Every structure is written in C-alpha cells, then in structure tokens.
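A.B. asks: 3D, please:
(4 chains)
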2 protein chains.
Amino acid sequence: MKKVTLSMKQIDTAQRILDTAERLFAQRGFHSTSTRALAHEARVNQAAINYHFGSKENLLEAVIERRLVPLIKLQINKLQTIRETALKERRRPKTKDVLLAIVEPTFTSIRSLLKNRSFFTLAGRLFSEPEGAARAIFQQKFEPLFSLLLNTMKDALPELPEELLVWRLFFSIGALVQAMRMFAGDVPVPDKITLVDDAAVVAGLLLTFVTCGMKAPLSIYEDS
Amino acid sequence: MKKVTLSMKQIDTAQRILDTAERLFAQRGFHSTSTRALAHEARVNQAAINYHFGSKENLLEAVIERRLVPLIKLQINKLQTIRETALKERRRPKTKDVLLAIVEPTFTSIRSLLKNRSFFTLAGRLFSEPEGAARAIFQQKFEPLFSLLLNTMKDALPELPEELLVWRLFFSIGALVQAMRMFAGDVPVPDKITLVDDAAVVAGLLLTFVTCGMKAPLSIYEDS
DNA sequence: GTCTATACGATGATAGAC
DNA sequence: GTCTATCATCGTATAGAC
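C.D. replies: Next comes the predicted model:
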C-alpha cells in the first residue's frame, strides 16, 4: 500500500511537471521559463525536475516526445497501409495519398490531443534546435518515418531520381512546418489579410501545393 | 590622426564581435554561446559587447541585419524590375520569374559575401525560432518584401484568390528556408544519400518545386 | 568616446540530509 | 524520492582608466 502510494505520487509529480512544462514552454517560451517558476507552478520541488528528467533540456524533449511519437506512429501506419494496398492491387501508390498520410495526421489527429495550438510552435523547435540532444531526438524519431516515406515515394514516382525525391520531400517538410506555424497563429500575416482557421482546409491547401511540387517535371520551362 | 586611429579601433572591435558572433551563433547556437566565450574568441573585453550592441539579443539582431538587409534590397529591386517590364510589355509577369527573384539572390548573390555558410545555418534556425527578438527582426524586414511579392504574384496568377496566394507563398518560404538549411549542411540526411553541393543546382530544384506548387489548381484530383 | 575591471542578481544543476 | 543548501555560470550594469 505504501509502495503504491509512493509510485502514484511519483507518477503524479512527473506528470504535473510535464503538463506544466508544455503549457509554460508554449506560452512563455523555453528559455524564458525558469525551472524555479515551473516548479512553483507545478507545485513540485525544483530539484524534482532534474531528478525525474535529468535536465531542463531533457524535459523539453520529454514534452515533445509525448506528443510526437504517437503522431509518427500514426503516419507510419498510414504509409504502410498505402504501400500494402498498392502492392496488392498491383499499381503505384498515388503521390497525393502518400503526402496525405503525412499531412492529415499532423493537422487533425494531433489537434484533439492538445488544448491549444501552442504545441505547433514548440514542435517547430525540433527542426531548428542546434544544440545537443534535441537534435538527436529529432533524427532518431523521424528517420524511420522519412525512410519509409522516401521508399513509398519512390514507388509513386519511379521516373524521378532518388536524390531529387529527397530534396523535394524536405521542401515539403519545410512547407508543412511553415503551415503548422501559420495555423498556430505563430506567423504574422501582413496587413489586413485574414486566413482560414480550419485545420482540414489548411491541410488541403498544403496537400495541393506539395503534391504539385513533388510531381513537377525535372526542370521547368514555362510560358505563363 | 588620433581620431582616425580611435575610429579604426572602434570599427575593428565591433567588426570582430560581429564576425565572431555570426560564426559562433551558427556553429553552437545562440543560447549555447556565452558572451564570455564570444569576447574571448573575438579578443575583446566582454563588456565591449554590451557597449557596442547593448545586449546579446541586440547583437543577434545586428548579425542578422548585416546580411539580410542587402539581400532583401536586391530581391525588392528584382521584383520591381519584373513588374515594370511586364507592365511595359503589357503582359503578366511569369510565376517562375517572380519566384526566381526571391530564390536566386538567396543562393547566389549573397553567397559571395560570405566566406562560409554560417549565415545560412543561422538564418534557417532563427526563422523557426519561436522566441525572442529575432522574430521581430524578420517580421519588420520581410514585410515590405512580402507585400511586393504578393502583389507581383497577384499579377502573375490573377485567377487565384489572394488568400490562397498568401498561403502558398508562405509554403514556398518554408521550402526555401529548409533548402537553405540543407545547403548549409544543417539538416541530417538519412543513410548514405549524398546531395548536390552546388548553389545554382539547389536553387533550380527549389524553383521548380515552388513554381509548380504556386501554379497548382485550386484543388487536386489526381489519377496517378 | 572607447574600452576595461569588477561586481551583482538570477539561472540550471548538484550533493547530501532526511 | 524529496528536500534544503550550495555551486558554477550566465547576461548585464557600472565605475573608472585611457
């Protein structure tokens, strides 16, 4: 009984730290949130943060991982289904479907898990953090997804060289990150332009853009 | 003579701080670079940083501004030329040319100003950085360019709604930033894929991608 | 004006008592 | 596991030398 109580208490402490960190990091920013303020807000001792997560940087990783891992799993599952279905029906996967497997979960499934959209802002950090371990996390978690994505795209567009597909996939990811940040209201839009605020619509706009980009010919000679 | 000597010394000090900051911020990241280490590396006193730039954040702004302002001016000039030429010849600007006016200076003209690619790394990271003063800088400097870019694109693609153009332009910017970071070697590429290392080639790949994305129809119903 | 030496408050992290 | 006390380091401010 006592053991259970201690274990519960421990879990509860770590959980409160995680929840509070996600909220404060998103609201005030990572570097502007001190571990002292975080501990006070979460009603835990400051040292408990380091005890449970090792460091402030590791806490950030834990915050991001908690949301990102399920998302990536969902995307991988969708990609695998697309590959198997195409293989069974003896046809190529459709480029649009492949990209939809990445875009759609990002904008819909993840959203239900979050109370606010600030996590999108936080997630963008993964791509830009130069320092230390956050980088390794990104690489470690994304590599399997990207590998599968690249292979599926090779099936969809076999006439394009692999290196070109790599470049264009990264271009697409850049566009996706930007779309996430705009949807999160994190990008200031000039003048008096108001943008749609519907995840499905934004996902559709992005999907159209990246699908056309991926399927582009090797080089462009346009007349209009 | 004495004034000149003092002035030279001042410029030299501020210049060394700027150069060292650009290099260290890109290599180690902004927050991981202490003002003490920076001062030591630049062979200046630590307080000289605050004397010349006010604060560490202001120093970051100065680093960005030094590279960004000439680039943006060049892009604005190119866009204005495109608009005027199209107006004179009574035709629409070509979508590809409009995007080239953004992409080409980023990858070529600016490059000659840089000894290394540090600024690409720094700019790419800062663009995705949610916090801090760097945000305001980008916003302030980019707004005139984006406004002109949007108007020129409206001329090029008058059949598309303005809001759609805004979304797609931001998607394109996201792809551009990602391309910069990859060109700077700041993005880990999986497995044993080696990517081209020629600025003109990368610019061409990106241009094809974003041109097709911008010119995409309103929505996609693909069969392949 | 330009630069230096020094000091201050706050931060993230840690050691050891409980 | 949790706490208090303490540490090294951070960005910054200031007084004074040149």
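
A.B. asks: buried ones in the lengthiest helix in chain A?
C.D. replies: The residue-count maximum for a helix in chain A (DSSP state H) belongs to helix A:56-88. Residues A:56, A:58-64, A:67-68, A:71-72, A:74-76, A:78-79, A:82-83, A:86 are the ones in helix A:56-88 that count as buried (16 or more other Cβ atoms under 10 Å in any protein chain shown). For glycine as for every other residue, the C-beta is placed from the backbone atoms N, C-alpha and C.

A.B. asks: Could you do stretch A:188-206 as well?
C.D. replies: So, applying 16+ other Cβ under 10 Å, buried residues of stretch A:188-206: A:195, A:199, A:202-206.

A.B. asks: Among the residues you listed, which has the minimum pLDDT value?
C.D. replies: Lowest pLDDT within these is found at A:L195 (85).

A.B. asks: Checking it next. Helix, strand or coil?
C.D. replies: Three-state assignment for A:L195 (DSSP: H, G, I helix; E, B strand; the rest coil): coil.

A.B. asks: Now the phi/psi pair for it, please.
C.D. replies: phi -100, psi 150 (degrees, to the nearest 10).

A.B. asks: what residues are up against it?
C.D. replies: Listed by Cβ atoms under 8 Å, 6 or more residues apart in numbering or on different chains, the contact partners of A:L195 are A:182, A:189, B:163, B:166-167.

A.B. asks: How about A:A39?
C.D. replies: A:17, A:45-46, A:48-49.

A.B. asks: and the residue in chain A that DNA strand D sits nearest to, how many neighbours?
C.D. replies: Closest contact between chain A and DNA strand D, by Cβ to the nearest atom of the strand, is at A:N45 (2.8 Å). As a burial measure, A:N45 scores 12 neighbours (other Cβ atoms under 10 Å in any protein chain shown).

A.B. asks: Relative to A:T13, how far out is it?
C.D. replies: Distance from A:N45 to A:T13, counting by Cβ to Cβ, to the nearest Å: 9 Å.

A.B. asks: And A:L38, by the same measure?
C.D. replies: Separation of A:L38 from A:T13 (Cβ to Cβ) stands at 13 Å.

A.B. asks: and if you look at A:L207?
C.D. replies: Taken as Cβ to Cβ, the span from A:L207 to A:T13 is 42 Å.

A.B. asks: cool, A:S34 as well?
C.D. replies: 18 Å.

A.B. asks: So between the two, which is more surrounded?
C.D. replies: Neighbour comparison, A:S34 and A:T13: the larger count goes to A:T13, with 18 against 13 (by other Cβ under 10 Å).

A.B. asks: which element is the more buried one on?
C.D. replies: helix A:2-28 (DSSP states H and E).

A.B. asks: What average pLDDT does that helix get?
C.D. replies: Helix A:2-28 comes out at a mean pLDDT of 80.

A.B. asks: Also stretch A:119-127?
C.D. replies: 66.

A.B. asks: Just give me the closest of the contacts of A:L195 to DNA strand C.
C.D. replies: DNA strand C lies nearest to A:M182 out of the contacts of A:L195, by Cβ to the nearest atom of the strand, at 28.7 Å.

A.B. asks: Quick one: residues contacting the closest one.
C.D. replies: A:189, A:195, A:202, B:167, B:170.
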